[in-house]
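In: Whatever this is, show me its structure:
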Amino acid sequence: MQVLVLGGTGGMGQGVARDLIKQEQIKKVILGDILTDPGRLQDKLRASEKISLIKIDVNDHNGLVSAIRNADVVINCAGPFYKTAVIVARAAVEAKVNYIDICDDYEATEILFASDIDKAAREAGITVLTGMGSDPGTNNVIVKWYADQLDRVHEVALFWVVSIAELSGAAWDHGLHMTIGRIPQYLDGKLEYVEGGTGEETAEFLEPLGTCRVRYVGHPQPLTIPRYIKGVKRVIIKGALIPSWVDELIREQRETGFLSQDPVDVKGTKVVPYDLTLQLWGAIPNNRDRGPQSSGLKVIVKGERKGKQVTFTADIVGRMAPGTGLPASIAALMLNTGDVTVKGVVAPEGCIDPGKFIAALVKRGAKIHQTETIKSMLVV
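Out: Residues are numbered from 1 along each chain as shown. Predicted coordinates:
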C-alpha cells in the first residue's frame, strides 16, 4: 500500500506518517509539501526507507492529480482546510484515488457534501472521507459508538482545548478563522448560525488541563452528525485555545476589527487586517505563558435506553499531532482492508466502525476515560 500525505512535512502530516511507517502493509509513504527541506522531518521519518519527499503545490491542479495517481490513498493534512479541502478532494476524485482529510473548517464540509464532488466520487467508486482527525474525527466516532448503545439520542456536546504550545503554521489560521462571523450549531432540531466566540461556559478536562472556558467555534460536526444520527435535537461544539489570555486577545481582536477581511487603506496601501493579525500571531506568544504540551477532548452524549435517561461522557488528553495523525492513519488502513465501504463524500460517523477504530486507537496507546450515568423514574 502506498500513501501520499499532503502537508507531509508539517506537524500533523508527520503525525500521520509516523504511524503509517510502522504498519507492515505500508510499503511507501510519500510526503508531499511545498516545503521539502528534509531537516523539517523528525529523525525517525528521515531514517525510514519507506519515506520519500516530493514538492507539491496543492494549487497546481494538474501536478496534484498526477501525484495523487501514484498513491492508493491520499491523506490531506495541508491546512487551512477552508482553502484546501475542496481543491484536493476534487483532484483525488479526478485521479480516482480514495481521499481522507483532517478538515476542521465547516465551510469546506458544506461544499464537499453539496457540490458535484459527492456524485463524481460515487461514480468513480471512491471514498471522500472528510474530518478524520481528532476534532473532528475521533470524537465523531465516539459519538457514534455511544449512539449505537442508545435507543434515541437527544443531545451531543463536544468540547475541546488546544494549548498554543502545540500550534504552528496553518493551525493559527484556523484558530482565528473559526471564531469569525456566524457559525453553524444544531439547535432544537435544526441548523442555526450563531456568532462565533459566544456562548461561553466552563468545561472540565483531564489534567493537566483542568477547568477551561470554551466558546462556540466553527467546526463541521453540527453539519454532519445529524446526517447519520437521526432524531438528535442538539449538536453543539465549543473550543478554546489556552492559556486563557489567547482567547481573550482573539476576542478583543475580533471585536475591534483586527480580524476583518475588509481591506483598509494604510498610507496608500490596501491592507487586510486579518492577514496582518495572522502574521503577528507568529510572534505575539513570545515570552508569554504558552500552556502545557497537551490538548484535550470531551464528548457528552445524552439519550434514552429502555425508558431510562442515559448520559455518556468521554475524555481524552494528549499531544495534538499524534492525536490528529493516528485517526487518519487508522482510517487509511481500514480503507485498505475493506472496512470502509461507503462511496462518495462521508464523515467519520457515517463510515467508520466505532469498535474497530477505538480498538486500534487504544492499541496505539490512547486512553479514553468514560462514564455512564443512568437516571430513571421510580414507578409505584
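In: nearest residue to residue 36 other than its sequence neighbours?
Out: residue 55 (4.8 Å; C-beta to C-beta, 6 or more residues apart in numbering). C-betas here are computed from N, CA, C, even on glycine.
In: Show me what whichever strand or helix holds residue 275 is in contact with.
Out: Element membership for residue 275, per DSSP states H and E: helix 273-280. Defining contact as C-beta atoms under 8 Å, 6 or more residues apart in numbering, one finds that helix 273-280 is touched by 172, 173, 176, 180, 253, 257, 258, 259, 260, 261, 262, 264.
In: Would you confirm that residue 72 contacts residue 3?
Out: Yes - the pair residue 72 / residue 3 is scored as a contact, 6.7 Å apart, by C-beta atoms under 8 Å.
In: neighbour count winner among the two?
Out: Comparing residue 72 with residue 3 by other C-beta atoms under 10 Å, the one with more neighbours is residue 3, at 28 against 16.
In: show me the contacts for that one.
Out: 20, 26, 28, 29, 30, 71, 72, 73, 74, 75, 332.
In: Isn't the last one up against residue 100?
Out: Spelled out, it's residue 332. Yes - using C-beta under 8 Å, residue 332 makes contact with residue 100 at a distance of 5.9 Å.
In: tell me, what's touching those two both at once?
Out: In contact with both residue 332 and residue 100: 73, 75, using C-beta under 8 Å, 6+ apart.
In: Give me the more crowded residue out of the two.
Out: Legend: neighbour count by other C-beta under 10 Å for residue 332 and residue 100, higher for residue 100 (32 against 26).
In: Spell out the secondary structure type for the more buried one.
Out: strand (DSSP: H, G, I helix; E, B strand; the rest coil).
In: In contact with it, which residues are there?
Out: Residue 100 neighbours (C-beta under 8 Å, 6+ apart): 73, 74, 75, 76, 127, 129, 130, 132, 328, 331, 332, 335.
In: lowest average confidence, helix or strand, in this protein?
Out: helix 170-177 (a mean of 92; mean pLDDT, DSSP states H and E).
In: Would you mind pulling the contact partners of it?
Out: Residues contacting helix 170-177 (C-beta under 8 Å, 6+ apart): 7, 10-11, 78-82, 104-105, 162, 167, 218, 241, 250, 253, 259, 274, 277-278, 281-282.
In: quick one: it to helix 273-280, angle?
Out: Put simply, helix 170-177 runs at 140 degrees to helix 273-280, going by axes from the mean of the first three to the mean of the last three C-alpha atoms, to 10 degrees.
In: After helix 170-177, which helix or strand is next?
Out: Helix 170-177 is succeeded, C-terminally, by strand 182-187 (DSSP H and E).
In: Now do that following strand, average pLDDT.
Out: Averaged across strand 182-187, the pLDDT comes to 98.
In: hang on, the earlier thing: so, if you compare the contacts of helix 273-280, which one comes nearest to residue 152?
Out: Taking C-beta to C-beta as the measure, residue 152 sits nearest to residue 180 out of these, at 34.8 Å.
In: separation between that closest one and residue 262?
Out: 12 Å (C-beta to C-beta, to the nearest Å).
In: Compute the inter-axis angle for the helix or strand hosting residue 193 and strand 182-187.
Out: Secondary structure from DSSP H and E places residue 193 in strand 190-195. Calculated by the same axes, to 10 degrees, strand 190-195 forms an angle of 140 degrees with strand 182-187.
In: after strand 190-195, next one along is what?
Out: Next element after strand 190-195 (DSSP H and E): strand 201-205.
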